[in-house]
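K.L.:
Pasting the sequence and the predicted coordinates here, then a few questions.
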Amino acid sequence: MRLVIIGGGILGTAHALAAVRRGHEVIQLERETEARGATVRNFGLVWVSGRSAAELEVTLRSRELWEEIGGKVPGVGFRPNGSITLVRTPAELAVAEAASTGPTAEQRGFTLLEPAQIQALNPALRGKFLAGLHCSTDAAVESRQALPALRAYLTATGRYTFHASTEARSVTDTGSGATVLDDQGRRFEADLVLACPGAAHSGLTRELAGVLPVRRVRLQMMQTAPLDEPLTTAVADGDSFRYYPGFAGETLDALNREQSQTATAAEHKMQLLCVQRLHGGLTIGDTHEYDEPFAFDVDEAPYEHLIAVAEELLGRKLPQVIRRWAGVYSQTVDPTAVVTRAEASKHIWVITGPGGRGMTLGPVIGEDTAELLNL
């Protein structure tokens, strides 16, 4: 079978990987020279710890797939580094304690650590905190390296072709398959077309599938110069509990009720996440903005907040911040779904909306789509 996949981000590439692994031929189109959306603007975290109980099985499966991919494609930079969510108040500690003794704690690899245990596991953490929730199943990949590495791996199979700087203008179901017309007048014939447009919800996406049950979310992040020591795990702060369904319960309700975020964190709906890249620098974020139109500039106050929290947890000054950026991702509004799949016609599907789970769940979403469509 021949597939044409529209979109070169992690979702499109994960679908290409799933199809090629099943023996199919794939042509992938990307309107930019490289994907420049949410895939390359995220932490690269494979985040098991905060996923809801309903999502846990697929998340763990995706984590397994990432580890398999990392073994075959070293360039994706997979590493099973785990994470520690550092808590600084009794209310945050109560959430961590509940998570560490909850019904899914063993599956997630949760352990509640005292400060001395934290420093033994991650010596770079020498700051102020009461305890830390360690998640041994969390992992990371290199978000800016993963796609080129995966494309090289796919190309070597002889059944994959990538067309950069190629925008799909129309997709037509022919009855026996589908035809894609690009902006250079080329035609691509396929048995099946999968459109993975990321946060591009209008244009061709709307023509194919109408108005989808998705929304866009904007975030701000930053990157430091290399830290002069290893940060052996990813790091989160207690505010992150507020944004992940896996921590829902009475203790989180009490946290939200009794402990306000700082004014800046509340205004920008913030959490701290931090992961060290292979080059030594720290990727730190983030904010959440849901109401469009989004600003085209970045605000300084959230960065000041993130720097202050990161320095408190590390117990030292951060290296120089060398870049800042914003990004937009697509999020399904169905709380029971991990992604939106819309059947535009018999031979055309649109797939988008994994939200902040795109990097984590990309491989399993591709696998599940292949199973759904009997590839």
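P.N.:
It's in.

K.L.:
can you map out the helices along the stretch 201-350 of the chain?
P.N.:
Secondary structure of the stretch 201-350 of the chain (DSSP state H, counting those that start in this stretch): helices at 204-209, 250-258, 263-267, 300-314.

K.L.:
who does the first one touch, helix- and strand-wise?
P.N.:
Packing contacts for helix 204-209, counted by 3 or more CB pairs under 8 Å, 6 or more residues apart in numbering; DSSP states H and E, involve strand 168-173, strand 192-195, strand 340-345, strand 348-352. Any C-beta I mention is one placed from the backbone N, CA and C, and that applies to glycine too.

K.L.:
Pull up the gap between G185 and T166, please.
P.N.:
Between G185 and T166 the computed distance is 11 Å (CB to CB, to the nearest Å).

K.L.:
Looking at these two, which one has more neighbours?
P.N.:
A direct count of neighbours by other CB atoms under 10 Å for G185 and T166 places T166 higher, at 22 against 7.

K.L.:
residues contacting that one?
P.N.:
Residues near T166 by CB atoms under 8 Å, 6 or more residues apart in numbering: L29, E30, R31, D182, D183, Q184, R186.

K.L.:
now it, what's its secondary structure?
P.N.:
coil (DSSP: H, G, I helix; E, B strand; the rest coil).

K.L.:
What's the separation between it and L318?
P.N.:
Shown here: T166 relative to L318, a distance of 40 Å by CB to CB.

K.L.:
A149 too?
P.N.:
Distance of A149 to L318, given as CB to CB: 29 Å.

K.L.:
I'd like to know which of the contacts of T166 are buried.
P.N.:
Among the contacts of T166, those buried by neighbour count (16 or more other CB atoms under 10 Å) are L29, E30, R31, D182.

K.L.:
Among these, which one sits closest to T283?
P.N.:
Checking the buried ones among the contacts of T166 against T283 with CB to CB, the nearest one is E30 at 23.1 Å.

K.L.:
What residues does the nearest residue to that closest one once chain neighbours are set aside make contact with?
P.N.:
Once flanking residues are discounted, E30 sits nearest to G8: 2.9 Å by CB to CB, 6 or more residues apart in numbering. Taking CB under 8 Å, 6+ apart as the criterion, G8 is in contact with Q28, L29, E30, E32, E34, A35, L147, F162, A164.

K.L.:
Could you rerun that using 10 Å?
P.N.:
16, 28-37, 39, 147, 151, 162-164, 166, 196, 198 (CB atoms under 10 Å, 6 or more residues apart in numbering).

K.L.:
G23 against L375, yeah?
P.N.:
Yes. The criterion here is CB atoms under 10 Å, and G23 meets it with L375 at 9.0 Å.

K.L.:
hey, what's in contact with both of the two?
P.N.:
Joint contacts of G23 and L375 (CB under 10 Å, 6+ apart) are M1.

K.L.:
Among those two, which residue is more densely surrounded?
P.N.:
Shown here are G23 and L375; by other CB under 10 Å, L375 has more neighbours (20 against 10).

K.L.:
distance of that one from R151?
P.N.:
Taking CB to CB, one finds L375 at 19 Å from R151.

K.L.:
how close does A248 get to N256?
P.N.:
According to CB to CB, A248 stands 10 Å off from N256.

K.L.:
same thing with G127?
P.N.:
Distance from G127 to N256, by CB to CB: 24 Å.

K.L.:
ok, these two, which is more surrounded?
P.N.:
Regarding G127 and N256, a neighbour count based on other CB under 10 Å identifies G127 as having more, with 18 against 14.

K.L.:
phi, psi of that one?
P.N.:
For G127, the backbone dihedrals are phi -100, psi -150 (criterion: degrees, to the nearest 10).

K.L.:
surely it meets K317?
P.N.:
No. Contact status for G127 versus K317: not in contact, 11.3 Å apart, counting by CB under 10 Å.

K.L.:
Count residues in the vicinity of Q320, would you?
P.N.:
9.

K.L.:
residue contacts, it?
P.N.:
With contacts defined as CB under 10 Å, 6+ apart, the neighbours of Q320 are T224, A225, P226, G281.

K.L.:
Those residues: which two are farthest apart?
P.N.:
Top of the distance list for the contacts of Q320 (CB to CB): T224 and P226, 7.7 Å.

K.L.:
Which one's more surrounded, those two?
P.N.:
Taking other CB under 10 Å, T224 and P226 do not tie; T224 has more neighbours (21 against 14).
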